[in-house]
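Peer 1: This is the structure alone, sequence omitted:
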């Protein structure tokens, strides 16, 4: 079980690193899409985290690339996973949502 959690965290870290936003090697991106993606990410985060059930101890990460929102992290229930996706889909400018949030039950 612990190896699965470590593997999932490693995958999340790799996805987030690959998505890294629009920052270029120099640290800034002058492409207008970068600003649009950053705005979408901020609005999705606001929508998702307005729901107290999706805040800690749940871990939901939001990244946007070319209007596609990538959701990663872990939540306690399938309903929370679905709600996060629904909130993201409701944000203006979102072209698509890729929901890679995993459900992690705390029961042993």
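Peer 2: Sure, I can see it. Only a predicted model underlies this, so the values are computations on that prediction, with no experimental measurement involved.
Peer 1: OK, contacts around residue 98?
Peer 2: If a contact means CB atoms under 8 Å, 6 or more residues apart in numbering, then residue 98 has 68, 69, 70, 71 as its contacts. Where you see a C-beta, it was placed from the backbone N, CA and C, and this is true even at glycine.
Peer 1: The third one bridge partners, please.
Peer 2: Read it as residue 70. For residue 70, the beta-bridge assignment (DSSP bridges) gives partners residue 63, residue 98.
Peer 1: Name the nearest of the contacts of residue 98 relative to residue 38.
Peer 2: Closest to residue 38 out of those is residue 69 (12.1 Å), distances taken as CB to CB.
Peer 1: residues near that closest one, how many?
Peer 2: By the criterion of other CB atoms under 10 Å, residue 69 has 26 neighbours.
Peer 1: Wait, it touches residue 94, no?
Peer 2: Yes. Between residue 69 and residue 94 a contact is recorded at 5.3 Å, counting by CB atoms under 8 Å.
Peer 1: Overlap of the contact sets of the two?
Peer 2: 40, 44, 88.
Peer 1: where's the last one relative to residue 71, distance?
Peer 2: Summarising the geometry, the distance separating residue 88 from residue 71, computed by CB to CB, to the nearest Å, is 6 Å.
Peer 1: Look at the two and report which has more neighbours.
Peer 2: Set residue 88 next to residue 71 and count neighbours by other CB under 10 Å: residue 88 wins out with 26 against 21.
Peer 1: And that one, its phi and psi?
Peer 2: The phi and psi values for residue 88, taken as degrees, to the nearest 10, are phi -60, psi -40.
Peer 1: Against which helices or strands is the helix or strand hosting residue 81 packed?
Peer 2: Using DSSP states H and E, residue 81 sits within helix 78-89. The contact analysis (3 or more CB pairs under 8 Å, 6 or more residues apart in numbering; DSSP states H and E) places helix 78-89 against helix 32-49, strand 68-75, strand 96-99, strand 102-103.
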